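Participant: Build the 3D model from these lines:
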Amino acid sequence: MRKIILDPYPRKKEEIFVTSSLKNLNSKYKIIEFDGKDRLDFYNMHIEDVSYIIGQPKLDEELLKKAKKLKAVFNVEGNFLPNIDYQTCHRKGIKILTPSSVFALPVAELAIGMMISLARGIHTAHIDFLGGNEKYGLESNTGSELISRTDIGFIGFGDLGRSIHQLLKGFRPNIRVFDPWLTKSYLFREGVNPASLEEVLVKSRFIFVVAAVTEHNVGIINSEKLDLMMPNASLLILNRAAIADFSAIIKYSNSGKIRIATDVFPEEPLSSNHPIRNSKNVLLSAHRAGALSTAILEMGNYVMEDLELLDNGLPPLNCKKADPETVAILRSKPVKKS
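Facilitator: As a prediction, the model looks like this:
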């Protein structure tokens with residue numbers, strides 16, 4: 001019977017697997033659960049005999065030398081983090097996988113809601129109404145605009161970008177995409193227009209920032225780039241905060257130049273005195289876009305299905321595989337809770 005290390009921190013096994021899946025897992029494999037003590041000692045003790053790891057432990061070259069049977073690591077945190085020696089894994093044929101695509105649709109739905117609220121001032125009108133300062137009719141729609149047939153831009157076009165694109169089709173927008181990892185022909189086949197970063201910023205009324213954070217784009221959304229945006233255009237940040245200079249974002253939103261919606265922040269939890277809490281023209285969400293229990297449980301389904309494929313000598317179907325060419329430049333920070 002193959003052995004699995006179950007160490008899904010920061011998540012709990014009950015968040016990922018329904019009871020029937022846990023029973024199925026235990027019937028097919030010998031499960032070795034992390035005991036919550038010294039993680040390095042635990043892995044040194046058990047890694048030699050395990051076939052799979054469900055978790056995101058630190059795996060350096062020294063530890064991986066002992067992993068004689070390890071076939072795959074399922075990273076259920078959701079990001080490929082720099083705590084694994086990916087080159088050694090690649091040489092040894094160890095697959096590093098993540099079922100993170102389960103979050104694309106939940107985040108996309110919230111992104112559409114944010115976009116509509118920015119376009120029509122739903123959140124600000126609600127606050128005005130609660131305070132007895134509501135306006136009616138045309139007076140209430142100063143600064144509002146239609147989304148239908150408008151110009152929308154994407155910075156990044158991975159799982160999340162494509163999910164948002166699918167939900168946008170009913171609005172029939174003109175979409176431009178900047179993604180240096182994708183070819184022009186691929187983007188044309190997806191029904192979007194390839195564009196430079198500057199073109200996306202200059203020509204879009206709504207811009208979705210959904211790129212993975214890499215060593216090449218940390219802080220790329222800065223004052224110079226924000227200055228290119230149209231007056232009253234909207235910027236929606238939905239992947240990781242490190243891609244944006246938040247001091248510049250606060251400056252430009254307070255000036256009234258642009259509108260901002262963000263589900264991510266430079267530090268989480270955000271300090272109570274962070275200036276964005278008192279900024280104008282912002283819509284804030286506490287990194288909750290993808291945190292649906294249904295999505296997290298779907299991670300367990302993805303893992304179970306791909307385990308079966310791997311056991312049968314087939315490649316995984318649901319989980320994304322870490323590519324050595326790209327994972328080395330990723331700069332995502334781990335989440336601390338589901």
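Participant: burial of the residue lying closest to G121 once chain neighbours are set aside, as a residue count?
Facilitator: Distances taken as C-beta to C-beta, 6 or more residues apart in numbering place S144 nearest to G121, at 5.6 Å, with adjacent residues excluded. Placement of C-beta: from N, CA and C, glycine included. Neighbour count for S144, taken as other C-beta atoms under 10 Å: 13.
Participant: For the spatially most central residue of the chain, give me its contacts.
Facilitator: For the chain, N239 is the residue whose C-alpha lies nearest the centre (C-alpha atoms, centre = their mean; 4.3 Å). Residues in contact with N239 (C-beta atoms under 8 Å, 6 or more residues apart in numbering) are 156, 160, 209-213, 264.
Participant: For it, give me the pLDDT.
Facilitator: Per-residue confidence (pLDDT) for N239: 91.
Participant: V335 too?
Facilitator: 57.
Participant: returning to that earlier point: ok, now how distant is the residue nearest to the centre of the chain from K251?
Facilitator: 22 Å (C-beta to C-beta, to the nearest Å).
Participant: Contact partners for the residue nearest to G121?
Facilitator: Taking C-beta under 8 Å, 6+ apart, we find S144 in contact with 119-121.
Participant: Among those residues, which one lies nearest to G256?
Facilitator: Lowest distance from G256 to the contacts of S144 (C-beta to C-beta) belongs to G121, with 13.6 Å.
Participant: which residues sit in contact with the closest one?
Facilitator: Taking C-beta under 8 Å, 6+ apart, we find G121 in contact with 140-141, 143-144.
Participant: Quickly note the distance from it to K135.
Facilitator: 10 Å.
Participant: State the number of residues packed around S51.
Facilitator: S51 has 19 nearby residues by other C-beta under 10 Å.
Participant: I figured R288 hits V264, correct?
Facilitator: No - assessed by C-beta atoms under 8 Å, R288 is found out of contact with V264, at 10.2 Å.
Participant: ok, these two, which is more surrounded?
Facilitator: Taking neighbours as other C-beta under 10 Å, R288 and V264 compare with V264 leading, 22 against 11.
Participant: SS state for the more buried one?
Facilitator: Under DSSP: H, G, I helix; E, B strand; the rest coil, V264 falls in the coil class.
Participant: Now it. Nearest residue, chain neighbours left out?
Facilitator: A241 (4.3 Å).
Participant: Ok, M114 next?
Facilitator: Per C-beta to C-beta, 6+ apart, closest to M114 is A261, 4.1 Å.
Participant: Just after the strand or helix carrying the one you found, pick out the following helix or strand.
Facilitator: Element membership for A261 (DSSP states H and E) is strand 258-262. Using DSSP H and E, the next helix or strand after strand 258-262 towards the C-terminus is strand 282-284.
Participant: so what's the residue nearest to V264 up against?
Facilitator: Taking C-beta under 8 Å, 6+ apart, we find A241 in contact with 262, 264-266.
Participant: rerun at 10 Å
Facilitator: With contacts defined as C-beta atoms under 10 Å, 6 or more residues apart in numbering, A241 is in contact with 209, 213, 249, 262-268, 270, 287, 333.
Participant: Counting neighbours, which of these comes out on top?
Facilitator: Of the contacts of A241, with other C-beta under 10 Å as the count, V209 tops at 25 neighbours.
Participant: and the longest helix for this protein?
Facilitator: If you go by DSSP state H, the chain has its longest helix at helix 293-311.
Participant: still on that earlier bit, which other helices and strands does the strand holding A261 contact?
Facilitator: helix 104-120, strand 206-209, strand 233-237, helix 246-254, strand 282-284 (3 or more C-beta pairs under 10 Å, 6 or more residues apart in numbering; DSSP states H and E).
Participant: my guess is A242 contacts H216, does it?
Facilitator: No - A242 is beyond contact range of H216, at 11.8 Å (criterion: C-beta atoms under 10 Å).
Participant: what about the helices in the stretch 101-250 of the chain?
Facilitator: Taking DSSP state H, counting those that start in this stretch, the helices of the stretch 101-250 of the chain run over residues 104-120, 122-130, 159-168, 184-189, 197-203, 223-226, 246-254.
Participant: by how many degrees do the first one and strand 233-237 diverge?
Facilitator: An angle of 150 degrees separates the directions of helix 104-120 and strand 233-237 when computed by axes from the mean of the first three to the mean of the last three C-alpha atoms, to 10 degrees.
Participant: got the CA positions of helix 104-120 in PDB?
Facilitator: Extracted C-alpha coordinates of helix 104-120, given in PDB (Å, rounded to 0.1, in the frame of the first residue of the first chain):
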ATOM      1  CA  ALA A 104     -10.800  30.900 -10.900                       C
ATOM      2  CA  LEU A 105     -14.600  30.900 -11.200                       C
ATOM      3  CA  PRO A 106     -15.400  32.100  -7.600                       C
ATOM      4  CA  VAL A 107     -12.900  35.000  -8.000                       C
ATOM      5  CA  ALA A 108     -14.100  35.800 -11.500                       C
ATOM      6  CA  GLU A 109     -17.700  36.100 -10.200                       C
ATOM      7  CA  LEU A 110     -16.700  38.500  -7.500                       C
ATOM      8  CA  ALA A 111     -14.600  40.400 -10.000                       C
ATOM      9  CA  ILE A 112     -17.600  41.000 -12.200                       C
ATOM     10  CA  GLY A 113     -19.600  42.100  -9.200                       C
ATOM     11  CA  MET A 114     -16.800  44.600  -8.300                       C
ATOM     12  CA  MET A 115     -16.700  45.900 -11.900                       C
ATOM     13  CA  ILE A 116     -20.500  46.500 -12.000                       C
ATOM     14  CA  SER A 117     -20.400  48.300  -8.600                       C
ATOM     15  CA  LEU A 118     -17.500  50.500  -9.700                       C
ATOM     16  CA  ALA A 119     -19.300  51.300 -13.000                       C
ATOM     17  CA  ARG A 120     -22.700  52.100 -11.400                       C
END
